[in-house]
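Chemist: sequence? don't have it. structure:
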């Protein structure tokens, strides 16, 4: 993988044809600024692009730089909202969980986009919500569900002491059975 990362066009020079990384770079180049249009890409040349991280190359070819930028903005919005809800959660475990889950999504997108665009070596991970990997899709939807639940708990107003249904903390007069009026 590292050798392929360092020299993505070496297989072409050796007469073996373009490898997957070279094909993905050609796909990004063919997409240009506005792309070739939905369904007009040639992802069959990349191999198993729909089931791997190379689905991003297909999206780059069909949507172009503008569409890919919009896609990355959607991922950034999801990560930013996850981090924001993590900062708003009151309990420390929920805060760490939300920030960690948002960081997982952000790191996953960064590693895959960096690998497909030849910035870093490929990892073989599936692109969140785009690739066809079964367990990856389920895991990413669980992450989103947990982030939504944590965001909901962050927005729930704090209970006011003295309201009906609010349990007093242990060691206070109300908890010991001495009701004060």
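Modeler: Received the coordinates, thanks. What you see is a predicted model; the values in this text were computed from it and never measured.
Chemist: counting contacts, what elements does the host helix or strand of residue 151 pack onto?
Modeler: Using DSSP states H and E, residue 151 sits in helix 134-155. In terms of contacts (3 or more C-beta pairs under 8 Å, 6 or more residues apart in numbering; DSSP states H and E), helix 134-155 is packed against helix 55-88, helix 92-116. For glycine as for every other residue, the C-beta is placed from the backbone atoms N, C-alpha and C.
Chemist: can I get those helices in JSON lines with mean pLDDT, distance to residue 138 and mean neighbour count?
Modeler: Listed next are those as JSON lines, based on pLDDT from 0 to 100; distance: least, C-beta to C-beta, whole Å; neighbours: other C-beta atoms under 10 Å:
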{"stretch": "helix 55-88", "mean pLDDT": "93", "distance to residue 138": "17", "mean neighbour count": "18"}
{"stretch": "helix 92-116", "mean pLDDT": "93", "distance to residue 138": "14", "mean neighbour count": "18"}
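Chemist: Kindly reformat these as TSV containing distance to residue 156.
Modeler: What follows is the helices and strands packed on helix 134-155, written out as TSV (distance: least, C-beta to C-beta, whole Å):
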stretch	distance to residue 156
helix 55-88	10
helix 92-116	11
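Chemist: so which of those helices comes closest to residue 22?
Modeler: Smallest distance to residue 22 across the helices and strands packed on helix 134-155 (C-beta to C-beta): 10.6 Å, for helix 55-88.
Chemist: Tell me how far the closest one lies from the chain's centre.
Modeler: Remark: helix 55-88 is offset 8 Å from the chain centroid, using C-alpha atoms, centre = their mean, to the nearest Å.
Chemist: And stretch 1-15, by the same measure?
Modeler: Distance of stretch 1-15 from its chain centroid, counting by C-alpha atoms, centre = their mean, is 28 Å.
Chemist: Quick check: closest non-adjacent residue to the spatially most central residue of the chain.
Modeler: Geometric centre of the chain, nearest residue: residue 105, 3.2 Å, by C-alpha atoms, centre = their mean. Of all residues not flanking residue 105 in the chain, residue 79 sits nearest, at 5.5 Å (C-beta to C-beta, 6 or more residues apart in numbering).
Chemist: Go ahead and confirm residue 11 touches residue 23.
Modeler: No: counting by C-beta atoms under 8 Å, residue 11 stays clear of residue 23, with 10.2 Å between them.
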